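Enquirer: no sequence on hand, only this structure:
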């Protein structure tokens, strides 16, 4: 969307038409923190999407600084995005590939049977 401010502008336009917003988590814990701030600041929030509870690696990257209680994310009170990013953990697990973590695919997912996912896109499926 271009950042929190641009997302707030879109939320304001959506609010005029009584449309709710559901920020989609796509790119890890820093984006997750931005979604928390966006979600806490708009009146037309439907849901703040997360992937389970962030995953142990993502939580480790941000030193468990995003918390929730009884199904609700607790907006951080620290400055900035409110997370403590652990650069040592990030450096120790540097990505060396050349692909995005979610790749586009030619064929849609086959929801009639289990999919095998690699990096967000189905891997080669056995013949039908």
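Expert: Good, I have the coordinates. Keep in mind it's a predicted model, so treat the numbers as computed, not measured.

Enquirer: from now on I want contacts and neighbour counts done on CA atoms only, so please keep to that.
Expert: OK.

Enquirer: where exactly do the strands run in the protein?
Expert: 67-69, 72-74, 117-118, 121-122 (DSSP state E).

Enquirer: any idea which helix or strand in this protein has the lowest mean pLDDT?
Expert: strand 121-122 (a mean of 50; mean pLDDT, DSSP states H and E).

Enquirer: which residue packs closest to residue 87, ignoring adjacent ones?
Expert: residue 61 (7.5 Å; Cα to Cα, 6 or more residues apart in numbering).

Enquirer: what does residue 85 give?
Expert: That would be residue 62: by Cα to Cα, 6+ apart, it lies 4.3 Å from residue 85.

Enquirer: in space, what's closest to residue 90 - neighbours in sequence excluded?
Expert: residue 61 (6.6 Å).

Enquirer: next one: residue 83
Expert: Going by Cα to Cα, 6+ apart, residue 83 has residue 65 as its nearest residue, at 5.2 Å.

Enquirer: what number of residues lie near that neighbour?
Expert: Number of residues near residue 65 (other Cα atoms under 10 Å) recorded here: 17.

Enquirer: residue contacts, it?
Expert: Neighbouring residues of residue 65 by Cα atoms under 8 Å, 6 or more residues apart in numbering: 59, 76, 82, 83, 84.

Enquirer: now residue 32
Expert: Counting by Cα under 8 Å, 6+ apart, residue 32 has contacts 25, 50.

Enquirer: wait, what's in contact with the residue nearest the centre of the chain?
Expert: Most central in the chain under Cα atoms, centre = their mean is residue 25, positioned 1.9 Å from the mean C-alpha point. Residues counted as contacts of residue 25 (Cα under 8 Å, 6+ apart) are 31, 32, 35, 49, 50, 51.

Enquirer: distance of it from residue 16?
Expert: Distance of residue 25 to residue 16, computed by Cα to Cα, to the nearest Å: 24 Å.
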